[in-house]
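> please find the sequence and the predicted model below.
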Amino acid sequence: MGKTVTLKPPGENRKPPTRAEKPGGAGRALAKISAIVLGSITALLLGVLIWAMFGYNKIYPGIHAGEISLGGLTEEDARLTLELELSGVYDGASISLNVDGQSTKITAEEAGAGFSAESHARGAYEMGRVGNVFSRALFVASSPFASRDMGGSDEFYIDRAAVASRIKELSALVNSEPAQFSWEIKSSEILVRGGSPGRSLNEGALADLIVSRFLSRDFSDISTETALVEPEPLPLQSLYDSVRTEPKDAYLDTSNPAEPKIMPHVDGIGFDMEDARRRAGQGGDFSIPLVITPPALTQASLESRLFKDTLASFSTNLASSSSDRTDNIRLAASFINGTILLPGDVFSYNGTVGERTAERGFKGAGAYVNGRLVDEIGGGICQMSSTLYNAALLANLKIVERQNHSMTVAYLQSGRDATVNWGTIDFRFENNTAYPVQILASVEGKQVKTSIIGYRDSDYTVEIERDVLSSTPFQEITKVNDALAPGSKKVTVDGHSGAVVQTYRVVKDSLGNVVSRSAEAKSTYRKVDKVTELGPGLVPTGGPVGPSPSQEPAPSPSPSPSASPSPSPSAPDDPSPSPSGEPEPDPSPGSGEDDTGA
C-alpha cells in the first residue's frame, strides 16, 4: 500500500530568526553609526568655524604680502615681520626716465616713497573680518586651502605732487608749442606762413606710471616720447568770409538832386576754396590767389555811358493855347525837367509836379467839361503828361499807370494821350533799363518838348501803331435862344466823335525787322454832340432842333471809359496840327477835352 505523507502547515517546526538573520539589520546599524559620526564631525567643524570667526585672534591662514607670509601671525607679529622685511625697500631706489633723448632720474626720496607696516598688518588682520556673516564664513572656511596676496601697495605711499613737479621740469625741456598759421592779405593774394607741429609730454600718464612703479617696487628704466601736437587748422572758411566782397555796380547818387554824383564801383573778391585747401595741405609757406570779379557796371563805364544817348524825344503844338494855359504847361515842365530815374525807379507825374494850386503858381485856364468851356486852376497840363507819355513809349520804358481822356484831344491822335487829375489819376512809368535816365521837359515857342536821355544798349526803334476799333460821329444840334441878338449864332458845345482805339508798341531792329509787337492800351472816348444856339429870326437847319435855353435840361454826357471815370477837365486843347514828324490829330473839329483837375 502506498506511503502516506503528511504536510505541515507553513512555518511549523521552523526556528525563529536570530538578530543577524533579520532582514536589513546590519545596514540600519551602520547608517545609524554613520549619522552619528557625521553629525559629530559637522558639529565639530561648525564649532571650529564659529571659533575661527569669533575666537581666533590671528591673521587667517593663506594671507601674504608679496613673498612675505602673514597667516597665523598676530597683528603685532605681522607688523614686526613687515618692518624687518620691508624697512629698507626704498633705500637708494630710483627710476631713470628718458623722454625724447632727455634723461633724468627720480629717486624714491624725491618721490616721497614710504611704507606703513602698522597699517599693513592691520589690513592683513582685518581680511575675513569685514562684510556680512556669510562672506566671512566663506572666507574663513576656505582659508586653509587658499593663497591670498593682500597686494601690499595699499600701504606704500608716494607723494604724487612731488613726482608731478619733477615731470614738469622735464616737460619744460621737451615740450614745444605748435606754430600756428598766420597770414597777410595783399591786393591780389593772401600770403600764408605755414604752421608747424609742436611736442607735448603727457605729464599725467607719466606721473601715474612712476607712482605705480614705486608702489610695486619696480625700479626699472622708463623710456617714452612726447606726442605730436598739430597746429590749429587754417580757418579757410573764416578767412574766405573776411575777404569775400560781392561786386557792386557803380551808381549815380541822387540824394542831392542838384548835384548827382557817380559813386565808384566795388570789385568782387574771393578765392577758390578747393585750390586753397590743396595748397594748405602741402605744408610750408604758400599763397592763395585772390579772384577779383569786376561788376557789370564799373565807374569808368558808367561815366562813359551816363546820359550819352537820347532814347526818345516827342513834342506837341501849343499854337492856339492861351498864355495862361501855356504858363501852366511851362510850370509843370520846370518841375519835371532834370528828373533822374535810377534803374527800377518809377516816375510819378502827380508826385513830381505836385498839387495844382494858385499858391504854387498855377493859373486858371480854359477847359471843356462835357463840351462846355470852363476855367480851372492848372488847366492844360495834361498836354505835358501826354507829350511825356509818348516819349516814354518811344524810349521803350515800362508804363505803370496811364488813363486816356474822356474825349478825344486835338493835339494828339486818339489812343496816345494820358490824362492826370490830382488825387485820383496819375501817369507813371518805370525806368526798366540798366542805366539811369533823365527827363528833359520844356516849352519852347509854341512847342511842348520832352526827351528821355540815358544809354542805348541795343540798336532798336519803337513805333506806335493804332487800330480804330469803332468810331461814332457826333451830331449837330441847333437851338433857338431868344436871349441872343437877332440873327446871331453861338456854339455852346463843341462836337466830339466817340471812338475805341487799340494801340500797339512795335519794336524793330536796325534792319527794320519787327522784334516784338505788343498791345499797349485800349482807349475809349465818348461822343459829345455839337450844340449851336440861334438868335431870333434864324431858322434851325439840319439835325434835331433843341428846346430854348430856358427849357434846356442839364447835359447828359455819354459815360466815360469804364477803366476810370473822367475827372473835371481844366484846359482846352490846342486844335493845331503837330509839327512835321509828329502824329496828326484826329480830324474831329473843335478843341479836345483836357482832364487835369487842380
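Received the coordinates, thanks.

> strands along the stretch 1-150 of the chain, start to end?
Along the stretch 1-150 of the chain, the stretches classed as strands by DSSP state E, counting those that start in this stretch are 63-65, 68-69, 94-99, 102-107, 114-115, 148-149.

> now mean pLDDT and distance to Arg526 too, for these, in TSV please.
C-betas here are computed from N, CA, C, even on glycine. Conversion of these to TSV gives the following (pLDDT from 0 to 100; distance: least, C-beta to C-beta, whole Å):
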stretch	mean pLDDT	distance to Arg526
strand 63-65	84	124
strand 68-69	86	129
strand 94-99	94	106
strand 102-107	92	108
strand 114-115	76	120
strand 148-149	84	121
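
> kindly compare burial across those strands and name the winner.
strand 63-65 (a mean of 21; mean count of other C-beta atoms under 10 Å).

> any idea how far Met53 is from His64?
For Met53, the distance to His64 (C-beta to C-beta, to the nearest Å) stands at 21 Å.

> and the end-to-end length of stretch 423-435?
Stretch 423-435 has an end-to-end distance of 30 Å (criterion: C-alpha to C-alpha, to the nearest Å).

> how about that stretch: buried residues?
Ile425, Asp426, Phe427, Arg428, Phe429, Glu430, Asn431, Thr433, Tyr435 (16 or more other C-beta atoms under 10 Å).

> so where's the stretch 351-500 of the chain uncertain?
367-373 (pLDDT under 70).

> can you check the chain too?
Scanning the chain for pLDDT under 70 picks out the ranges 1-27, 37, 44-45, 47-49, 52, 87, 151-155, 367-373, 541-598.

> please enumerate the helices of the chain.
For the chain, the helices defined by DSSP state H cover 25-54, 75-86, 117-126, 133-142, 160-174, 203-215, 236-243, 273-281, 299-305, 323-336, 349-353, 382-394.

> which one of the strands of the stretch 1-150 of the chain lies nearest to Arg166?
Taking C-beta to C-beta, strand 102-107 is the member of the strands of the stretch 1-150 of the chain nearest to Arg166, at 5.2 Å.

> mind listing the strands the closest one pairs with, and their directions?
When sheet partners are counted by DSSP bridges, strand 102-107 sits next to strand 94-99 (antiparallel).

> the partner strand vs helix 160-174, what angle?
Going by axes from the mean of the first three to the mean of the last three C-alpha atoms, to 10 degrees, strand 94-99 is angled at 30 degrees with respect to helix 160-174.

> can I get strand 94-99 as PDB, trimmed to CA atoms?
Extracted in PDB, the C-alpha atoms of strand 94-99 (Å, rounded to 0.1, in the frame of the first residue of the first chain):
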ATOM      1  CA  SER A  94      65.300 105.400  -8.100                       C
ATOM      2  CA  ILE A  95      63.700 105.300 -11.600                       C
ATOM      3  CA  SER A  96      65.500 106.600 -14.700                       C
ATOM      4  CA  LEU A  97      63.500 108.500 -17.300                       C
ATOM      5  CA  ASN A  98      64.300 109.100 -20.900                       C
ATOM      6  CA  VAL A  99      62.000 111.300 -22.900                       C
END
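
> re the thing from before, dump the buried residues of stretch 423-435 to CSV, plus distance to Thr472.
CSV is the format used below for these (distance: C-beta to C-beta, whole Å):
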residue, distance to Thr472
Ile425, 24
Asp426, 29
Phe427, 26
Arg428, 30
Phe429, 31
Glu430, 35
Asn431, 38
Thr433, 40
Tyr435, 44
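
> near Arg166, how many other residues are there?
For Arg166, the count of nearby residues is 19 (other C-beta atoms under 10 Å).

> surely Asp159 touches Ala111?
Yes: using C-beta atoms under 8 Å, Asp159 is in contact with Ala111, at 6.2 Å.

> okay, the two: which has more neighbours?
For Asp159 versus Ala111, neighbours defined as other C-beta under 10 Å are more numerous around Ala111 (25 against 15).

> that one contacts Ala161, doesn't it?
No: the criterion here is C-beta under 8 Å, and Ala111 misses it with Ala161 at 10.1 Å.

> rewinding a little: could you dump the strands of the stretch 1-150 of the chain to TSV with distance to Leu38?
Below are the strands of the stretch 1-150 of the chain laid out as TSV (distance: least, C-beta to C-beta, whole Å):
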stretch	distance to Leu38
strand 63-65	31
strand 68-69	34
strand 94-99	59
strand 102-107	62
strand 114-115	48
strand 148-149	30
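
> nearest to Val539 among those would be which one?
strand 94-99 (135.4 Å).

> Ile340 versus Ala258, what's the distance?
Distance from Ala258 to Ile340, by C-beta to C-beta: 11 Å.

> between these two, which one's more packed in?
Between Ala258 and Ile340, Ile340 has the larger neighbour count (other C-beta under 10 Å), namely 19 against 6.

> pretty sure that one contacts Pro260?
Yes: counting by C-beta under 8 Å, Ile340 does reach Pro260; the two are 6.0 Å apart.

> shared neighbours of those two, anything?
Common contact partners of Ile340 and Pro260 (C-beta atoms under 8 Å, 6 or more residues apart in numbering): Leu252, Thr254.

> just give me how far stretch 294-307 sits from the chain centre.
The chain centroid and the centroid of stretch 294-307 are separated by 31 Å, computed with C-alpha atoms, centre = their mean, to the nearest Å.

> mind saving the C-alpha coords of it as PDB?
Presented in PDB, the C-alpha positions along stretch 294-307 are these (Å, rounded to 0.1, in the frame of the first residue of the first chain):
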ATOM      1  CA  PRO A 294      34.600 143.400 -61.600                       C
ATOM      2  CA  PRO A 295      30.900 144.300 -61.500                       C
ATOM      3  CA  ALA A 296      28.900 144.600 -64.700                       C
ATOM      4  CA  LEU A 297      29.000 148.300 -64.400                       C
ATOM      5  CA  THR A 298      32.200 150.000 -63.500                       C
ATOM      6  CA  GLN A 299      32.700 153.600 -62.600                       C
ATOM      7  CA  ALA A 300      34.500 154.200 -65.900                       C
ATOM      8  CA  SER A 301      31.800 152.500 -68.000                       C
ATOM      9  CA  LEU A 302      29.000 154.400 -66.200                       C
ATOM     10  CA  GLU A 303      30.900 157.700 -66.700                       C
ATOM     11  CA  SER A 304      31.200 157.000 -70.400                       C
ATOM     12  CA  ARG A 305      27.600 155.900 -70.800                       C
ATOM     13  CA  LEU A 306      25.800 158.200 -68.400                       C
ATOM     14  CA  PHE A 307      23.100 160.200 -70.300                       C
END
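
> quick check: end-to-end length of stretch 353-364?
OK, stretch 353-364 end separation, C-alpha to C-alpha: 16 Å.

> now stretch 67-76
The separation between the terminal residues of stretch 67-76, taken as C-alpha to C-alpha, is 19 Å.

> and Phe307, how many neighbours?
Neighbour count of Phe307, defined by other C-beta under 10 Å: 17.

> er, Ile329 I mean
Counted with other C-beta under 10 Å, Ile329 comes out at 27.

> do the same with the one 3 residues further on
Neighbourhood size, Ala332 [other C-beta under 10 Å]: 29.

> with Trp422 instead?
Per other C-beta under 10 Å, the neighbour tally for Trp422 reads 20.

> could you pull out the strands for the stretch 351-500 of the chain?
364-369, 372-377, 398-401, 428-430, 437-444, 447-454, 460-472, 476-480, 489-493, 498-509.

> parallel or antiparallel, which strands does the longest one pair with?
Spelled out, it's strand 460-472. Using DSSP bridges, strand 460-472 pairs in its sheet with strand 498-509 (antiparallel).

> show me which residues of the strand it pairs with are buried.
For strand 498-509, burial by neighbour count (16+ other C-beta under 10 Å) applies to Gly498, Ala499, Val500, Val501, Thr503, Tyr504, Arg505, Val507, Lys508.

> can you check stretch 466-486 too?
Going by neighbour count (16+ other C-beta under 10 Å), the buried part of stretch 466-486 is Arg466, Phe474, Ile477, Thr478, Lys479, Val480, Asn481, Leu484.
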